[in-house]
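Visitor: Here is my input; please provide its structure:
(2 chains)
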Amino acid sequence: MYENPLQFTKKVIEHMLWSKTLIPTLKEVPAEAEALSHVLMLRAGLIRKLGSGTYSYLPAGYRIINKITSIVREEMNRAGAVEILMPALWPAELLKESGRLEAFGSDVIRFTDRHNRKGVLAPTHEEVVTTLVRDNVDSYKQLPLTLYQVQTKFRDEVRPRFGVLRTREFLMKDAYSFDTDLAGLEKSYQAMYDAYCRIFDRCGLDYVIVEAESGAMGGSRSQEFMVQSDIGDDKYVRCNSCGYAANVEKANIAGPQEPPPAADEANSGPDEVATPGARTIEEVSRFLNAAPERMIKTLLYEVGGRAVAVLLRGDHELNENKLLRALEGENPVAADAGFIEKVTSAPVGFAGPVGLSGSVDIIADKAVMQIEDGITGANKADFHLRGVIPGRDFRPSKITDLRVARDSDPCPECTRPMTLHHGIEVGHLFQLGTKYSDALGAGFPAADGGKKPYIMGCYGIGINRIAAAAVETFADEKGIVWPFEIAPFQVAVLCLDTDSPELMNAARRACNNLQENGIDVILDDRDERPGSKFKDAELVGFPVMVVVGKGYEKNGLLEVQVRSSAERLDMAEEELASEVLKLLDT
RNA sequence: CGGGGCGUGGCUCAGUCUGGUAUAGAGCGCUGCCUUCGGGAGGCAGAGGUCCCCGGUUCGAAUCCGGGCGCCCCGACCA
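Guide: As a prediction, the model looks like this:
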């Protein structure tokens, strides 16, 4: 029998010693940090900044990252995805082929190598996987296939911020599914959806799943996993009655599409009113002393050579995604001053729907049609119209939902008011369809002999963001309170007198005991005063603290402190492991 | 990209406006010794700084002027 020399090596349990690792905690708040998670991650000695949007993960911080990636890997594998590793360094040509070099624009980090070849650092990996599968999958029998990677991605963010929350270099799990048909995609998508729920549950996060735009990723269906947080860059609305949730780019808004019964026939018709120099909603509103809610904002677009006037209530904002859908795929270009003057025969700032040439297509947001005594541009320099009644004074060719959702807007499902929240996007799911397989000529030989494009999906998780989101969510005035599964160590054993062999031995026994029971433990063996040890353990946020001090000297008892509840329990050495396991299980 | 702010030991900052009082300071941290030892102790001694960089003005620059770099915040942007 083959003898493994290592098998005779005595198995020694090594526990992490605080004195031998690097956890540089800070008492003071670093000047560069504003956001809670940023401050705490720096103070707890988890991360250090190198430059704008680039961070080192120190031992404790890296353990958190590793715990998160382990969870992600377990759940990806369980969902049937297989892990690969792909280059971050690409020929620029590859990104050009899919059309995304332009789409990403200056978000892509570019460089030129010594041979004067253009290269990019991968912002995400659709192009490589797609070509990989294109060139190496021979038959539809090998499908469906879902590949994933956990890798650093690079984006030259306009504005890195909030520490690890938005960085120029970040760790991401990305999975890519390849199917032969839409039904298959649905299945692959659902498998990822389920896996994501398990992942975020295990990470201890409270999350909301919101409908999202597929945007520049192309494709049809998209959902995002949000962790509610005031510092989140993303906004979404949620209906507390029926549970509908969508990010603001996507969120639909309920509302009647017909004008209200013409109640106000007394109104004789629009009157011109002089508004010299007042061009913006705000200016006109102030000048006429009328609420912006009564204004009809007229935005002009050039769509395939013709003019389109888009109408919104003065206080509402256009959602360009909705406009895009309303135009059924035609691409709107915001009109320039020259075009506007040509169409309205007035300078910019005085456009209105009344009396526009019949060649101008008018599209109105639902809310515009509810205005009963409106104000809008007169298509005449320095004049606006008062007493405008939609439906009577102008007739849009299309009335639909065009605006960006706001707090209290009616839910599209049940019409109850929705609430607006800020969130941290920790994960997203996209149905891509054939966008990339078409662009890159990636197809499979079908059963009938022809070649068909892969139906793709892609599914991302921001690993660093999970850590930051957890800190944002779980912290108190003392520091971080890590969820058990992603804590850098589940237990910190504090030996309060490292000069006492009795206490040090007891502390080591406690560590061994816990480790033998599968618990992650760090021993604070530093020659520090007790106060510092307590403060540090609380700052870094270990879920459980085991104190070996006076209580042990006097009557052989260990003290267990629970970080989240501040609960303290004295216990004998023999019951430590089982008691701690119970605590960690909750 | 617009607006604002900052750059002085490891960290937080004072000093800059009004140049020289000066061998550039404080608190925290760090090193050594003594005392202390369950919630960031006390005493004594000490180390540690190209005052972001380059140029200019001046007898003299952390301080004034010009240029550059870096960082943070607000906004715009963001698969």
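Visitor: show me what contacts A:L94?
Guide: A:127-128, A:131 (Cβ atoms under 8 Å, 6 or more residues apart in numbering). Every residue, glycine included, has its C-beta placed from N, CA and C.
Visitor: Tell me the residues on the stretch 301-450 of chain A that lie near RNA strand B, please.
Guide: By the rule Cβ under 7 Å from any atom of the strand, the part of the stretch 301-450 of chain A lying against RNA strand B is A:428, A:430.
Visitor: residue ranges for the strands of the stretch 301-450 of chain A, please.
Guide: A:306-313, A:332-334, A:361-365, A:374-377, A:383-388, A:398-400, A:418-433, A:443-445 (DSSP state E, counting those that start in this stretch).
Visitor: for these, which one ends up most surrounded?
Guide: strand A:374-377 (a mean of 26; mean count of other Cβ atoms under 10 Å).
Visitor: Need the residue closest to the centroid of chain A.
Guide: A:E425 (1.6 Å; Cα atoms, centre = their mean).
Visitor: closest to A:V72 out of the strands of the stretch 301-450 of chain A?
Guide: strand A:418-433 (9.7 Å; Cβ to Cβ).
Visitor: distance between that closest one and the chain's centre?
Guide: The chain centroid and the centroid of strand A:418-433 are separated by 6 Å, computed with Cα atoms, centre = their mean, to the nearest Å.
Visitor: I'd like to know which elements it is packed against.
Guide: helix A:182-202, strand A:208-211, strand A:222-228, strand A:234-239, strand A:455-462, helix A:463-473 (3 or more Cβ pairs under 8 Å, 6 or more residues apart in numbering; DSSP states H and E).
Visitor: repeat that for 7 Å
Guide: helix A:182-202, strand A:222-228, strand A:234-239, strand A:455-462, helix A:463-473 (3 or more Cβ pairs under 7 Å, 6 or more residues apart in numbering; DSSP states H and E).
Visitor: out of the ones you listed, nearest to A:R63?
Guide: Set against A:R63 and scored by Cβ to Cβ, those come closest in helix A:463-473, at 10.5 Å.
Visitor: and the closest one, what's its mean pLDDT?
Guide: Averaged over helix A:463-473, pLDDT sits at 95.
Visitor: ok, now stretch A:390-402?
Guide: 90.
Visitor: quick revisit: the residue nearest to the centre of chain A against A:M226, yeah?
Guide: Yes - under the criterion of Cβ atoms under 7 Å, A:E425 makes contact with A:M226 at 5.9 Å.
Visitor: can you list residues touching both of these two?
Guide: A:D234 (Cβ atoms under 7 Å, 6 or more residues apart in numbering).
Visitor: ok, so what distance separates A:V29 from A:E169?
Guide: 25 Å (Cβ to Cβ, to the nearest Å).
Visitor: Between these two, which has more neighbouring residues?
Guide: More crowded of A:V29 and A:E169, by other Cβ atoms under 10 Å: A:E169, with 20 against 13.
Visitor: Run through the bridge partners of the more buried one.
Guide: A:E169 forms beta bridges with A:F154, as assigned by DSSP bridges.
Visitor: and what of A:V150?
Guide: Beta-bridge pairing of A:V150 under DSSP bridges involves A:K173.
Visitor: residue contacts, it?
Guide: A:V150 makes contacts with A:69, A:72, A:171, A:173, A:463, as judged by Cβ under 7 Å, 6+ apart.
Visitor: Could you rerun that using 10 Å?
Guide: By Cβ atoms under 10 Å, 6 or more residues apart in numbering, the contact list for A:V150 reads A:65, A:68-69, A:72-73, A:76, A:83, A:85, A:171-175, A:461, A:463.
Visitor: pretty sure A:Y552 contacts A:V493?
Guide: No - in this structure, A:Y552 is not within contact of A:V493 by Cβ atoms under 10 Å, at 11.3 Å.
Visitor: Please see if stretch A:454-463 touches RNA strand B.
Guide: Yes - residues of stretch A:454-463 are located near RNA strand B by Cβ under 7 Å from any atom of the strand, namely A:458, A:460.
Visitor: Run the chain-centre distance for that stretch.
Guide: Worked out by Cα atoms, centre = their mean, stretch A:454-463 lies 14 Å from the chain centre.
Visitor: and what of stretch A:420-437?
Guide: So, by Cα atoms, centre = their mean, the centroid of stretch A:420-437 is 8 Å from its chain's centroid.
Visitor: ok so, going back, are any of the contacts of A:V150 buried, and which?
Guide: A:65, A:68-69, A:72-73, A:76, A:171-175, A:461, A:463 (16 or more other Cβ atoms under 10 Å).
Visitor: how close does A:A290 sit to A:E127?
Guide: 52 Å.
Visitor: who's more crowded, those two?
Guide: Legend: neighbour count by other Cβ under 10 Å for A:A290 and A:E127, higher for A:E127 (22 against 17).
Visitor: for the host helix or strand of the more buried one, which positions count as buried?
Guide: Using DSSP states H and E, A:E127 falls within helix A:126-136. Within helix A:126-136, the residues that qualify as buried by neighbour count (16+ other Cβ under 10 Å) are A:126-134.
Visitor: And the strands in the stretch 51-200 of chain A?
Guide: A:54-57, A:82-83, A:89-91, A:109-112, A:118-121, A:145-154, A:169-179.
Visitor: Which member of the contacts of A:V150 is positioned nearest RNA strand B?
Guide: Ranked by distance to RNA strand B (Cβ to the nearest atom of the strand), these are led by A:M172 at 5.5 Å.
Visitor: what's that closest one in contact with, if anything?
Guide: A:M172 neighbours (Cβ under 10 Å, 6+ apart): A:123-125, A:149-153, A:427, A:460-465.
Visitor: Can you give the domain ranges for chain A?
Guide: According to automatic domain parsing, chain A comprises the domains A:61-233+A:419-470, A:271-400, A:489-585.
Visitor: tally of neighbours for A:T280?
Guide: Neighbours around A:T280, by other Cβ under 10 Å: 11.
Visitor: A:M369 too?
Guide: The number of residues near A:M369, taken as other Cβ under 10 Å, comes to 21.
Visitor: Just the pLDDT at it, thanks.
Guide: 91.
Visitor: Nearest to RNA strand B, out of the contacts of A:L94: which one, please.
Guide: A:E127 (12.5 Å).
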